[in-house]
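Peer 1: what would the 3D arrangement of this be:
(one chain, ligands or ions: 1)
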Amino acid sequence: MRLTRLYVDGPLASGDLLQLPATAAAHVARVLRARDGDPVVLFNGDGREYESRIETVRGTRVAVAIGAARTVDRESPVALTLMQCLPRGDRMDWIVQKATELGVTRIVPLVSRRSVVKITAGQADAKTAHWRAIAVAACEQSGRNRMPTIDAPRSLDEHLGAIGSAGTRLVFDPDAVPYAADVAWEHATAPIAIDFAVGPEGGFDPRELDGLRIAGFRGVRLGPRVLRTETAAIAALVWLQTRFGDLRDAGPAGPAARDPR
Ligand code: SAM
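Peer 2: Numbers count the residues shown, from 1 in each chain. Purely as a prediction, here's the structure:
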């Protein structure tokens, strides 16, 4: 039986009794149908998980006895920042969920010139909170004990203006000359941070591609086909994790770390 993992937004201390917040308690009581004494793992994003036990379920009130903490690292050795131009509909939800499962470190939602989706200042906070909740659920499901950072949406120009100068930078572009597999990497060892940009349904416009190049982003192509933006985001992440991160079996920095479970 797979252990239930629950994110708690606050401090956790072994030996304490925790009343779960209403939403989490209702989920545990009604959906998971938990019983007194059931095991549960709590985490709060500090890198540790707490092997705990449900003390009491009374209606939709649930108390959990917080057990021993252990540090369990399921993070990628390379910090991967996905700069994702906002897609239509609920595709961003899908991207946030899958990218979190695959170990993304940070997601920057971007409004670009060809983005169909425009977000008003009033909508930005609600959207960001919604994506963060999706990332939390993906961490619960996938075993991550650290949450990816989900930034508030901003324009591509604004982001490039504030990005600094560190790290490897890639822009995924179906018209780029080099295929990802053919990129000549200057790194003797795996980079420790990679920022990678994925365009909206209509792609980046030429001025944006110029701006990205000036900011140090190298154009790369993922195979011979044009992918939907959400497919491209996940394919790019899988490729980067396979080349440099924790999906690789061998690479510049040697074999990937094994899960400590
Ligand atoms: N006609 C658009 C163009 O030429 O950019 C197609 C845009 S595509 C549907 C959306 C985004 O996914 C692109 O801006 C790019 O970031 C990414 N993408 C799609 N296919 C790709 C590929 N084969 N290689 C690299 N990036 C790709």
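Peer 1: could you give the bridge partners of the residue nearest to T149 when sequence neighbours are not counted?
Peer 2: With sequence-adjacent residues excluded and distances taken as CB to CB, 6 or more residues apart in numbering, T149 is closest to R106, at 4.3 Å. (C-beta placed from N, C-alpha, C; glycine too.) Beta-bridge partners of R106, counted by DSSP bridges, are T81, T149.
Peer 1: how many neighbours does R106 have?
Peer 2: Neighbourhood size, R106 [other CB atoms under 10 Å]: 16.
Peer 1: now do it against the ligand, distance only.
Peer 2: To the ligand, R106 is 17 Å away according to CB to the nearest ligand atom, to the nearest Å.
Peer 1: does A126 count as helix, strand or coil?
Peer 2: State at A126, reduced to three classes by DSSP: H, G, I helix; E, B strand; the rest coil: helix.
Peer 1: which ones are touching the residue nearest to T149?
Peer 2: Contact analysis of R106 by CB atoms under 8 Å, 6 or more residues apart in numbering lists A79, L80, T81, L82, P148, T149, I150, D151.
Peer 1: now swap in L17 and tell me
Peer 2: E55, A63, V64, A65, I66.
Peer 1: returning to that earlier point: tell me the one among the contacts of R106 nearest to E201.
Peer 2: Nearest to E201 among the contacts of R106: L82, at 16.6 Å, using CB to CB.
Peer 1: tally of neighbours for the closest one?
Peer 2: So L82, with other CB under 10 Å, has 26 neighbours.
Peer 1: any low-confidence regions in the stretch 101-250 of the chain?
Peer 2: For the stretch 101-250 of the chain, the stretches with pLDDT under 70 are 184-188, 249-250.
Peer 1: can you tell me which residues in it are near the ligand?
Peer 2: Within the stretch 101-250 of the chain, the positions lying close to the ligand (CB under 6 Å from any ligand atom) are 172-175, 198-199, 201, 203-204, 221-223, 225-229, 232.
Peer 1: how far away is the residue positioned nearest the centre of the chain from the ligand?
Peer 2: Closest residue to the average C-alpha location of the chain: T100 at 3.1 Å, with CA atoms, centre = their mean. Relative to the ligand, T100 is positioned 19 Å away (CB to the nearest ligand atom).
Peer 1: kindly report the same for I54.
Peer 2: Distance, I54 to the ligand, by CB to the nearest ligand atom: 44 Å.
Peer 1: that residue sits in which helix or strand?
Peer 2: According to DSSP states H and E, I54 maps onto strand 48-58.
Peer 1: ok, how many other residues are close to the closest residue to the ligand within the stretch 51-200 of the chain?
Peer 2: Residue nearest to the ligand within the stretch 51-200 of the chain: G199 (2.3 Å; CB to the nearest ligand atom). As a burial measure, G199 scores 28 neighbours (other CB under 10 Å).
Peer 1: begin at 120 from now on, thanks
Peer 2: Got it, the first residue is 120 from now on, which makes the last one we talked about G318.
Peer 1: that one touches T348, doesn't it?
Peer 2: Yes: using CB atoms under 8 Å, G318 is in contact with T348, at 6.5 Å.
Peer 1: need the residues touching each of those two.
Peer 2: Here G318 and T348 have C204 as joint contacts, going by CB under 8 Å, 6+ apart.
Peer 1: the stretch 220-369 of the chain: strands as residue ranges?
Peer 2: In the stretch 220-369 of the chain, the strands defined using DSSP state E, counting those that start in this stretch lie at 225-230, 268-269, 273-274, 287-291, 312-317, 337-339.
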